[in-house]
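>>> Just the structure for this:
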Amino acid sequence: MPDIVIHVVASTLYAALALHFWQTRWRVQPERWRLRPAAAPGASSELRAWERAAILLPLLLHGGLLYEEIFAAPQMRFGFAQALSMMLWLAVAICWLEGLAYRIEALLPMVLVIAALCAPLPGFFSGRVTPDAYSLQFKLHLFAGMLAYSLFAVATFHALLISFVERQLHLHPSVVDRGVPPLLSLEALVFKLTGAAFAVLTLTFAVGIAYSENIFGRALRFDHKTVFVVLSWLIFGLLLAGRLLYGWRGRTALRWTLAGFLMLMLAYPGSRFVLEVILGRS
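Numbers count the residues shown, from 1 in each chain. As a prediction, this is how the structure comes out:
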């Protein structure tokens, strides 16, 4: 089966699951355009065994494709498409694991629909050939970087869910009855994810500096990616410090989270998109 077909199959499965979780956990009332519980009050909305297994199917297809196209290929090609696809694959995997301990099914429609959009991108954009792709330093730098991106993405998705639910509470208080943990618990989880992501991003910095020293003869290259990564690192560091020292939460935390994630997205995926698609350079 051609790779592009498998890309489309994985994307379609993600989209179908997103629709399933939307319809079974949430429902839109067109006349008021607000979300409300889909099932009867008191019914369980926790992930069923078949739903957990169903998420694994596109996750395995998607992961297999990423391995074949990035790590098992004769030449490693890694651009904005591969970065976004890998980031969302890791994000879905993190949410799947998180679902073993927390009720996060309300988050799944958003995560799965974005995964459906990002999963097939490597089938349409080949990316750039990566020099020295098989050194241990590069592999560690790549894995740590993508893990940090994914953890920050999941933390941002959680923060957006909190903001969304808070707005909906003013319209329909029972919106929290279906698969949404208490908001304070969800907020605490956001900062746990952000703290873990910040630690991994710091490790990525350290490995990247050593890798750059070996390959280019200097610790850091002053380019768009470096500037945006440093800005993101500073923003998330200030967010964690604000939480620890001043108890930041709510809209303040959301704004800082979105700002940090935007800087991170502009760092590699954004700069590579401009080079590969807009400027036509690899």
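>>> mean confidence for stretch 230-247?
The pLDDT scores in stretch 230-247 average 95.
>>> ignore the last one, stretch 20-36
For stretch 20-36, mean pLDDT is 62.
>>> Val190: what's its closest spatial neighbour, skipping adjacent residues?
His158 (4.7 Å; C-beta to C-beta, 6 or more residues apart in numbering). All C-beta spots, glycine's among them, are computed from the backbone N, C-alpha and C.
>>> The one you found contacts Leu107, correct?
Yes. Here His158 reaches Leu107: they are 6.7 Å apart, a contact under C-beta atoms under 8 Å.
>>> Neighbour count: those two, which is higher?
His158 (27 against 24; other C-beta atoms under 10 Å).
>>> Quick check on the residue nearest to Val190: phi, psi?
phi -60, psi -40 (degrees, to the nearest 10).
>>> Over to Ala73?
phi -70, psi 150.
>>> pLDDT score assigned to it?
With respect to pLDDT, Ala73 has a value of 76.
>>> Tell me where the stretch 1-150 of the chain has helices.
Under the criterion DSSP state H, counting those that start in this stretch, the stretch 1-150 of the chain contains helices at 3-25, 49-66, 80-98, 108-118, 136-169.
>>> Just send those helices back as a markdown table, with distance to Tyr268 too.
Formatted as a markdown table, the helices of the stretch 1-150 of the chain follow (distance: least, C-beta to C-beta, whole Å):
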| stretch | distance to Tyr268 |
| --- | --- |
| helix 3-25 | 21 |
| helix 49-66 | 16 |
| helix 80-98 | 6 |
| helix 108-118 | 14 |
| helix 136-169 | 8 |
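>>> Could you tell me the least trusted of those helices?
Mean pLDDT is lowest for helix 136-169 among the helices of the stretch 1-150 of the chain, at a mean of 87.
>>> tell me which strands and helices it is in contact with?
helix 80-98, helix 108-118, helix 183-216, helix 250-265 (3 or more C-beta pairs under 8 Å, 6 or more residues apart in numbering; DSSP states H and E).
>>> Enumerate the positions of it that are buried.
137-138, 140-142, 144-163, 165, 168 (16 or more other C-beta atoms under 10 Å).
>>> Equivalent analysis for stretch 89-101, please.
Those would be Trp89, Leu90, Ala91, Val92, Ala93, Ile94, Cys95, Trp96, Glu98, Gly99, for stretch 89-101 by 16+ other C-beta under 10 Å.
>>> will you turn those residues into TSV that also has distance to Ala253?
Output for the buried residues of stretch 89-101, formatted as TSV (distance: C-beta to C-beta, whole Å):
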residue	distance to Ala253
Trp89	27
Leu90	23
Ala91	20
Val92	24
Ala93	25
Ile94	20
Cys95	20
Trp96	25
Glu98	19
Gly99	23
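>>> out of these, who's nearest Ala49?
Gly99 (11.8 Å; C-beta to C-beta).
>>> Identify the residue nearest that closest one in space, chain neighbours excluded?
Leu47 (5.4 Å).
>>> Please list all residues in contact with the residue nearest to Val190.
Leu107, Leu186, Leu189, Val190, Leu193 (C-beta atoms under 8 Å, 6 or more residues apart in numbering).
>>> Which single one of the buried residues of stretch 89-101 is nearest to Arg255?
Checking the buried residues of stretch 89-101 against Arg255 by C-beta to C-beta gives Ala91 as the nearest, at 21.3 Å.
>>> ok, now how distant is the closest one from Phe78?
18 Å (C-beta to C-beta, to the nearest Å).
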